[in-house]
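Chemist: Sequence first, predicted model second:
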Amino acid sequence: MQAYAMQYVIKQLGHEPYTYYTKVVEEKRINKAKQVIKNCLLKLIGKYNGPVIPHWPTNEDYEIIDTYTNQFVFDNIALTPYFSSIKELERYDHRCFEAFIVGSDQVWREEFSLNIPTYYFDFVKHPAKKISYAASFGVSKIDYPKSLINKCKRLIRDFSFVSVREKEGVTICRENFGVDAVQVLDPTMLVDDKQYSSLADKSTKKYPDKYIITYILDETNKSTEFVAKLSKQLDLPVVNILSYKKGKKVTPYPSIYDILKGFRDADFIVTDSFHASVFSILFNRQFCVLKNPYRGISRITTLLNTFCISDRIVDDTLPTNQIDFYNINKMLIGKRTDSLSLFNKVLNE
């Protein structure tokens, strides 16, 4: 959805955007080792209930998992030719583009990238405008090795404008790269909820008349118990939009249309996800966020603090107060206007 929103905004500002088309490759061995160690430590302190050695999807698994997502992408996002490797990307003639934009989400998180310098445009050899919009490191402290910090420091100095999504990103850029970054809204929040609603209308999925929807990336016994208590408190059935993750069989991720419709029409949303929190705000849905140390909480904390609703982060206490969206919507309009104005200025300088 970040890629969709980014292209939508750029088109609205009068430009013709394309997104680089590459495929997910299998996880790096070092990242697998890090994840196993992390799982062990979190399990020891009772913060993780999943398997210590998880199942890592293969490229063939991703073909199944991304079935509906790929269809959404092909229908709604303009793509470059397909690049099957970093070398193919480097050989391509990028001079057909006047500007390069990286963002948003965790594009600068090293453990999520096969080759992090790519996201600092090391493959762009000709003079061109380079911009980061709402790029995220995903963590409060940078986890790059020193050699990588030095390389990315050289690359980012060539950017015309650097913006990040979290306040921690501003600090990371200043302390590690010597760059003054600006904090902006995630691109998904630059798009009006009516546009997302038009996408939700394309869903054919049937939901109950009233319901709680859960979008929990890492389910635990604790989260399951919490949802059960909330269901009883609100006297509402629960729809688990990520039920595809149950069991060992690889099945497709739900369609974007179904997810958006589920968020838009829900009476309450329970999540541990940044973007599920974003859409709860955009659709003015009552919601709460479960703490998930495995994924990191700083991204969500920044989002909720921005709109003065940090109390929506819960541990095991059921929420009792209702969110007043009147002031939140006023803040959103103001921050959206500021971010769009700044982005438009940078693009057209």
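Modeler: Thanks, I have it. Residues are numbered from 1 along each chain as shown.
Chemist: Identify each buried residue in the helix or strand hosting residue 334, please.
Modeler: Per DSSP states H and E: residue 334 is located in helix 325-348. Of all the residues in helix 325-348, those buried under the rule 16 or more other CB atoms under 10 Å are 325, 328, 332, 335, 336, 339, 340, 343, 344, 346, 347. Just so you know, the C-beta spots here come from the backbone N, C-alpha and C atoms, and that holds for glycine as well.
Chemist: In terms of secondary structure, what does it contact?
Modeler: If you count contacts as 3 or more CB pairs under 8 Å, 6 or more residues apart in numbering; DSSP states H and E, helix 325-348 packs onto helix 2-12, strand 129-135, strand 161-164, helix 274-282.
Chemist: Now do the same for residue 144: its pLDDT.
Modeler: If you check residue 144, the pLDDT there is 91.
Chemist: Let me fix that, I meant to ask about residue 242.
Modeler: Reported pLDDT at residue 242 in the predicted model: 87.
Chemist: Use 399 as the first number from now on
Modeler: Yep, numbering from 399; the last one is residue 640 now.
Chemist: Give me the below-cutoff pLDDT ranges for the chain.
Modeler: Residues of the chain meeting the criterion pLDDT under 70: 422-437, 439-455, 642-646, 692, 694.
Chemist: Which stretches in it count as helices?
Modeler: Assigned by DSSP state H, the helices in the chain fall at 400-410, 427-442, 457-463, 465-474, 484-489, 544-554, 565-570, 591-598, 619-632, 654-663, 672-680, 696-704, 723-746.
Chemist: and the end-to-end length of stretch 537-550?
Modeler: 17 Å (CA to CA, to the nearest Å).
Chemist: show me what contacts the residue nearest the centre of the chain?
Modeler: Central residue of the chain (CA atoms, centre = their mean): residue 503, 4.4 Å from the mean position. By CB atoms under 8 Å, 6 or more residues apart in numbering, residue 503 lies in contact with 400, 532, 534, 563, 584.
Chemist: For those residues, pick the one with the most neighbours.
Modeler: Among the contacts of residue 503, residue 563 has the most neighbours (other CB atoms under 10 Å), with 30 neighbours.
Chemist: My guess is that one contacts residue 500. True?
Modeler: No. Applying CB atoms under 8 Å, one finds residue 563 not in contact with residue 500, separated by 11.9 Å.
Chemist: Find residues that contact each of these two.
Modeler: Common contacts of residue 563 and residue 500 (CB under 8 Å, 6+ apart): residue 533.
Chemist: Without its sequence neighbours, what residue ends up closest to residue 653?
Modeler: Take residue 653 and drop its neighbours on the chain: the residue closest to it by CB to CB, 6 or more residues apart in numbering is residue 466, 3.9 Å away.
Chemist: what number of residues lie near the one you found?
Modeler: 17.
Chemist: now residue 658
Modeler: Neighbours of residue 658 using other CB under 10 Å come to 23.
Chemist: Next, the contact list for it, please.
Modeler: By CB under 8 Å, 6+ apart, the neighbours of residue 658 are 594, 595, 597, 598, 601, 677.
Chemist: One more pass at 7 Å, please.
Modeler: Residues near residue 658 by CB atoms under 7 Å, 6 or more residues apart in numbering: 594, 597, 598.
Chemist: Tell me how far the second one lies from residue 654.
Modeler: So that's residue 597. 7 Å (CB to CB, to the nearest Å).
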